[in-house]
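Visitor: next input, structure requested:
(chains A, B and C)
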Amino acid sequence: MTMTRLELVCPAGTPATLRAAVQAGADAVYCGFRDETNARNFPGLNFSRDELAEGVRFAHDHGSKVLVAINTFARVDDVDIWKKAADAAAESGADAIIAADFAVLDHVAKNHSQIRLHLSVQAAAATPEAIGFYAAQFGIRRVVLPRVLSLQEIAALNRAIDVETEAFVFGGLCVMIEGRCYLSSYATGKSPNLNGVCSPPQMVSYDEEPGGTTARLSGFTIDRYERGQPVGYPTLCKGKFKADGRTSHLFEDPVSLNAGGMIAGLKAAGVTALKIEGRQRGKGYVSEVVRAFRKAVDAVEKGGEPLDIGRLLAGQSEGARQTAGAYEKKWR
Amino acid sequence: MPEIARTETMLTLGPVFFHWSPDRLLDFYRRIADEAPVERVHVGEVVCGKRMPFSDPAWPAAIERLERGGKQVVLSTLAAPATVRERKSLEDICGDERLVEINDVSGLPSRSGKAFVTGPFINVYNEASAKFLIKLGAQTICPPVELSFAAAGAMSVKCPEAEFEIFAFGRLPLALSGRCYHARIHGLHKDSCQFTCERDPDGLAVDTLDDQQFLAINGVQTLSNQVQAFCPAPDALASKGIRRLRLSPQTCDMVEVARIYRRLADGREEPEDARFALSCLDLPGTLVDGCAHARPGWQVIASP
Amino acid sequence: MRPPNAEPMLPGLFRQLFPAVAGLPLGPLLTLSLRSLARRRPGLFERLGESRSACFGIDPVDLAFAFRVVPEGQRSSVRVVSKDEAARSDVQIKGPLLTLLGLLDGTLDGDAMFFSRVISISGRTEAVLALRNTIEDAELRPADLLGLHGILARCVDTGVLGALSIARRLADKNPSGAREA
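Guide: Down below sits the predicted model:
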């Protein structure tokens, strides 16, 4: 069990959000380059090389770290683009590179031994054997845990491995094992692993129809909303489908993760860092969520009463409904 | 039609993704051993460790029968091992002298240094990753189903020391979850799932609200509703150095599927005719091949 | 009803404050301020990527007219158009004026406004997203849009933001007005 202070790792989709996260109390921010090398490759998001260097200076001046996600899988014949992104991250003075592809991990391990390597959630490493393999081969210092493990499993895992673990505590919830989901590719031809996007916006349409607003992805109906009802983004696995004569949110209800009530449990399970999802979200969101988690983590570190973070942040989640996800075993 | 010299393309029968009874598995592999023109057959549970106590008793007899029929048997392993029992079983299989298919990085420490196959659940997207795995012992690489034929070919050209295999036939394995959808749809939890996935030997169809055929569920796995039917001409395969085509078992006549692909690979049947012959079988969905062409997977492109 | 060709003009107070541009109709005035913003902060427009040349129809539902904006750096243009013409753009963004202004200065979160349907969006979703992310990062103040500096800029910012905030509170009290989610 670790006795160090929990590290709060926060998202930054733009330089302005990076500054907002740092000022709201992030111990570390994670961000990516404005290209297909990171898993949040959305229009208008992410950093140029210069913006990253400037972001690193700002974060370091305020005592925060910067972790750079280069966590998609390199395209055949274009591996250099990913290698150069890793080189630029190392040159920027960032504190760690978050990667998933063997090619990227190998390149960083061989050429940039001074920078920490974190294994991205996209690598889906969930067993002591898998994590041990990445540690032995590439010297990874931390693994971002797949969002399918229960608290008990995380505790058992931490007893069996030598590297730090980072667990998601708030934001969008992938119900599929990340890095191994090709649903978006099947529907749209664009995927998280190859293009850094899931259910990409250019394939989304909201059609006003007599039955209400229909959200479609690549022509497939993902959900339908009555007039005036709040709509959701048509992420494939959050849609409403028909199977076995029933209509339901088969894969996952439109909820988002909030493990704010489990901070003490995660610390007891040996987790080193808590991660907030949402590089696609705005400054307002990031500031509010980071501030709330800063308070909650500080309360846990002081051994005080845990805060009701759910009530604090109910308005910031999609559809305003939240779940503790796989941390509670009944989720399965 | 004049006999054309047999090409180097080999056919692989992939592992059964679905929860088939031991009797069904044995009947299936008996017929494959006797009649299917495939060189290699994968056996073993890949999707759900909870099914292993049911299927495990069937494997020794199936393997014996297949090897007697002249097939090379590959032992496939779990794509998402989690429990102590599953991890132990993975380690045991990795110690086997037969070829083993690795479907999760968890298997690499105990298999490194010995020959293995990487299945479509291992993310090999580029030549550098392929070379890394080849150094550890990868002999055949079947990239994730979302990777195009052109990209797999580009990798193959740069890594001639390994065989590359394309997922040519069957419902596409698209996702895995910690959550069991068969259990969820029947109001059960994964830990007490009652094995309802047994009722759907090809997976359970998932349609959109507008009745578009879209996906299929198989326990913790999500597949395409449509059936991949990538039918490349022999010279297209040769020019890309793709040595193997993988056929993934469905309940349709897999011996006939293998015969169609054998004729296709030998140049005795045109791709168009092969597709037509496949479409006449009792399939769980319509034929698609978009993924192989770097297009959305549900689309039908149908060349080369 | 406004005749179709007559462009709306700035209110009298603004005309007195900014005599240099006060004579311009609203479209050319906004075009000028967008181009001057592009001159001062070129990086901001790079963030838009391919969506720079997209045509955004912005339709404040509580006004009688709409805008057509092409945010193409120094070739940007803003035209005052009819609601019908705005609806024919690559992207249509509709919502109460105060909400749209709130999105521009970052007071309000675009996601929250969209998912709660205070604003509605149709057309090329990726262009909307690019615009939203660009505005998020820009941290625009009213003075930026007017090309002001120094004390005058601070006065305008305080004045305009204060006025907007008051207006929003008033609108919130009005049951028929838009509500923040």
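Visitor: from here on, contacts and neighbour counts on C-alpha atoms
Guide: OK.
Visitor: which neighbours does the top strand by length along chain B have in its sheet, and in what orientation?
Guide: The longest strand of chain B (DSSP state E) is strand B:163-176. Paired with strand B:163-176 in the same sheet, following DSSP bridges, are strand B:138-141 (parallel), strand B:221-229 (antiparallel), strand B:244-247 (parallel).
Visitor: what about the helices in chain C?
Guide: C:12-17, C:19-22, C:26-40, C:42-46, C:83-87, C:97-105, C:110-115, C:125-138, C:142-146, C:150-173 (DSSP state H).
Visitor: close to chain B: what parts of chain C are there?
Guide: Contact residues, chain C versus chain B (Cα under 8 Å from any Cα of the partner chain): none.
Visitor: before we move on, what about the stretch 201-332 of chain A?
Guide: A:220-223, A:240-244, A:247, A:250-251, A:326, A:330-332.
Visitor: only whichever of the residues you listed are buried, select them in PyMOL.
Guide: Typed into PyMOL, the line below selects the buried ones among those, using 16 or more other Cα atoms under 10 Å in any protein chain shown:
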select buried, chain A and resi 220+221+222+223+240+241+242+243+250+251+326+331+332
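Visitor: could you list which of the residues of the stretch 201-332 of chain A next to chain B also contact chain C?
Guide: Subset of those in contact with chain C: empty, counting by Cα under 8 Å from any Cα.
Visitor: ok, which pair from the residues of the stretch 201-332 of chain A next to chain B is furthest apart?
Guide: Across those, the longest distance by Cα to Cα is 30.4 Å; it joins A:Phe220 and A:Lys330.
Visitor: pLDDT below threshold where in chain C?
Guide: Residues of chain C that meet the criterion pLDDT under 70 lie in C:1-23, C:106-107, C:142-143, C:145-150, C:152, C:156, C:160-161, C:163-164, C:167-181.
Visitor: give me that answer again for 80
Guide: C:1-24, C:103-117, C:139-181 (pLDDT under 80).
Visitor: which single residue in it comes nearest to chain A?
Guide: Nearest residue of chain C to chain A (Cα to the nearest Cα) works out as C:Ala130 at 4.1 Å.
Visitor: that residue against A:Pro43, yeah?
Guide: Yes - between C:Ala130 and A:Pro43 there is a contact at 4.5 Å, judged by Cα atoms under 8 Å.
Visitor: how about the helices in chain B?
Guide: Going by DSSP H, chain B shows helices at B:22-35, B:52-55, B:59-68, B:84-94, B:108-111, B:127-136, B:149-158, B:181-185, B:234-240, B:254-265, B:271-279.
Visitor: CA atoms of the longest strand of chain B as PDB?
Guide: The C-alpha coordinates for strand B:163-176 follow below in PDB (Å, rounded to 0.1, in the frame of the first residue of the first chain):
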ATOM      1  CA  GLU B 163       3.200 -15.000 -42.100                       C
ATOM      2  CA  PHE B 164       0.300 -12.500 -42.100                       C
ATOM      3  CA  GLU B 165      -3.300 -13.700 -41.900                       C
ATOM      4  CA  ILE B 166      -6.400 -11.800 -42.900                       C
ATOM      5  CA  PHE B 167      -9.800 -12.300 -41.100                       C
ATOM      6  CA  ALA B 168     -11.700 -13.200 -44.300                       C
ATOM      7  CA  PHE B 169     -15.000 -14.800 -43.200                       C
ATOM      8  CA  GLY B 170     -17.400 -14.600 -40.300                       C
ATOM      9  CA  ARG B 171     -19.100 -12.100 -38.000                       C
ATOM     10  CA  LEU B 172     -16.400  -9.600 -37.100                       C
ATOM     11  CA  PRO B 173     -15.200  -9.500 -33.500                       C
ATOM     12  CA  LEU B 174     -15.600  -5.800 -32.700                       C
ATOM     13  CA  ALA B 175     -15.400  -5.400 -28.900                       C
ATOM     14  CA  LEU B 176     -14.900  -7.000 -25.500                       C
END
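Visitor: number of nearby residues for C:Ala38?
Guide: 20 (other Cα atoms under 10 Å in any protein chain shown).
Visitor: pull the contacting residues for B:Ala154.
Guide: Applying Cα atoms under 8 Å, 6 or more residues apart in numbering or on different chains to B:Ala154 gives the contacts A:76-77, B:240.
Visitor: same check, this time on A:Arg40
Guide: Here A:Arg40 is in contact with A:32, A:196-197, A:279-280 (Cα under 8 Å, 6+ apart).
Visitor: isn't C:Leu77 up against C:Phe67?
Guide: Not quite, residue C:77 is Ser, not Leu. No - with contact defined as Cα under 8 Å, C:Ser77 does not count as touching C:Phe67 (10.0 Å).
Visitor: roughly how far does the residue nearest to B:Gly44 when sequence neighbours are not counted sit from B:Pro57?
Guide: Spatial nearest neighbour of B:Gly44, chain neighbours left out: B:Ser76 (5.0 Å); criterion: Cα to Cα, 6 or more residues apart in numbering or on different chains. When distance is defined by Cα to Cα, to the nearest Å, B:Ser76 is 15 Å away from B:Pro57.
Visitor: tell me the domain ranges of chain A?
Guide: Following automatic domain parsing, one finds the domains of chain A at A:7-173+A:255-331, A:183-248.
Visitor: ChimeraX command for the buried members of the contacts of B:Ala154?
Guide: In ChimeraX, a selection of the buried entries from the contacts of B:Ala154 looks like this (16+ other Cα under 10 Å):
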select /A:76 /B:240
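Visitor: what is the lowest-pLDDT residue among the contacts of B:Ala154?
Guide: Across the contacts of B:Ala154, the smallest pLDDT goes to B:Lys240, namely 92.
Visitor: and the residue nearest to that one when sequence neighbours are not counted, how many residues sit next to it?
Guide: Of all residues not flanking B:Lys240 in the chain, B:Gly153 sits nearest, at 4.5 Å (Cα to Cα, 6+ apart). By other Cα under 10 Å, 23 other residues sit near B:Gly153.
Visitor: how about the contacts made by B:Gly153?
Guide: For B:Gly153, the contacting residues are B:164, B:240-242, by Cα under 8 Å, 6+ apart.
Visitor: just to revisit the earlier point, check contacts around the residue of chain C closest to chain A.
Guide: A:42-45, C:47-49, C:51.
Visitor: pull out the buried members of those.
Guide: A:42-45, C:47-49, C:51.
Visitor: chain B: which of the residues you listed is nearest?
Guide: A:Phe42 (18.8 Å).
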